[in-house]
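Novice: Show me the folded form of this:
(one chain, ligands or ions: 1)
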Amino acid sequence: MIKIAVFASGGGSNLQALIDAQDAGLFKGKIALIFSNVPESGAMERGENERIESVAIASKEYPGSREAYDAEVLRLCESKKIDLICLAGYMRILTPVLIKPFLYKMMNVHPGLLPKFGGEGMYGHHVHEAVIKAKEKESGATVHFVTEGVDAGPIILQGNVKVQLNDTPETLAERVLKVEHQIYPEAVRLFCEGKIKVVDNRVRILN
Ligand code: GRF
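Specialist: Sure, this is the predicted structure:
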């Protein structure tokens, strides 16, 4: 059984989608840990309600050292024998201390169609604002592996939504979030079934 850790800093609707998918038996994995850098986050509350082990480490306890913080998080994941980390609105830039040991074993969900509208500073409403400003006809969500470049890892799954003429960043975000909730559990299912292969930094989904 694949042991999954979900990392979230905020409300955790993607976390909830993953919990619901697990409960519905969509993937053969177990969410064994919920982790947050924000002790008072909605994600922690959801975890406790669902009786899933939930741990928060406030980043202010590690001033100035992202590496020391990530080393602590790595120790935690190793002690729980985590096989897959799912970032779900985890608002921290990760260091190689955590990325390297979990290379192709850590996923993220992004509220846009990467490789467009990604990179540093492109998160949350910034993505939707940029998409509308660029007059894109389509947006969507991307699940990708986490590598050392921000939003640069191999893409696992994407889902599209049409951008409407009267869309605001808020209305677009709402529809994109629904897509996130569909494709993230599906990406986890593929991972748990061993169907994701990375060749030359590209994902191949096996039949
Ligand atoms: C999502 O839009 C996700 O794409 C981004 O952060 C947001 C998290 O939302 N990485 P939630 O906390 O899962 O509701």
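
Novice: only C-alpha atoms for contact and neighbour calcs from this point on.
Specialist: OK.

Novice: Which neighbouring elements make contact with the longest helix seen in the chain?
Specialist: The single longest helix within the chain, with elements called by DSSP state H, is helix 169-192. Counting contacts by 3 or more Cα pairs under 8 Å, 6 or more residues apart in numbering; DSSP states H and E, helix 169-192 packs against helix 13-23, helix 125-133, strand 138-145, strand 155-162.

Novice: Tell me which other helices or strands the third one touches.
Specialist: Using 3+ Cα pairs under 8 Å, 6+ apart, the elements in contact with strand 138-145 are strand 106-110, strand 155-162, helix 169-192.

Novice: neighbouring contacts of the lowest-mean-pLDDT helix or strand in the chain?
Specialist: Scoring the helices and strands of the chain by mean pLDDT, DSSP states H and E places helix 42-49 at the bottom, with a mean of 94. Residues outside helix 42-49 that contact it (Cα atoms under 8 Å, 6 or more residues apart in numbering): 8-12, 15-16, 34-36, 53-56.

Novice: Could you tell me which residues of this protein lie near the ligand?
Specialist: 10-15, 88-89, 109-111, 124, 177 (Cα under 6 Å from any ligand atom).

Novice: at 8 Å what do you get?
Specialist: Those residues of the chain that sit near the ligand, judged by Cα under 8 Å from any ligand atom, are 8-16, 43, 87-91, 108-112, 123-124, 141-142, 173, 176-177, 180.

Novice: show me the residues around the residue lying closest to Ile155 once chain neighbours are set aside that make contact.
Specialist: Leaving aside its sequence neighbours, Ile155 sits nearest to His144 (Cα to Cα, 6 or more residues apart in numbering; 4.2 Å). Residues near His144 by Cα under 8 Å, 6+ apart: 107-110, 151, 153-157.

Novice: any weak-confidence spans in the protein?
Specialist: Low-confidence segments of the chain (pLDDT under 70): none present.

Novice: for the nearest residue to Ser9 once chain neighbours are set aside, what are its contacts?
Specialist: Spatially, and ignoring its direct neighbours in sequence, Ser9 is nearest to Tyr90 (4.8 Å; Cα to Cα, 6+ apart). Listed by Cα under 8 Å, 6+ apart, the contact partners of Tyr90 are 7-10, 36-37.

Novice: rerun that using 10 Å as the cut-off
Specialist: Contacts here follow Cα atoms under 10 Å, 6 or more residues apart in numbering; on that basis Tyr90 touches 6-10, 12, 35-38, 108-109.

Novice: so can I have TSV of those residues showing secondary structure?
Specialist: Listed next are these as TSV, based on DSSP: H, G, I helix; E, B strand; the rest coil:
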residue	secondary structure
Val6	strand
Phe7	strand
Ala8	coil
Ser9	coil
Gly10	coil
Gly12	coil
Phe35	strand
Ser36	strand
Asn37	coil
Val38	coil
Asn108	strand
Val109	strand
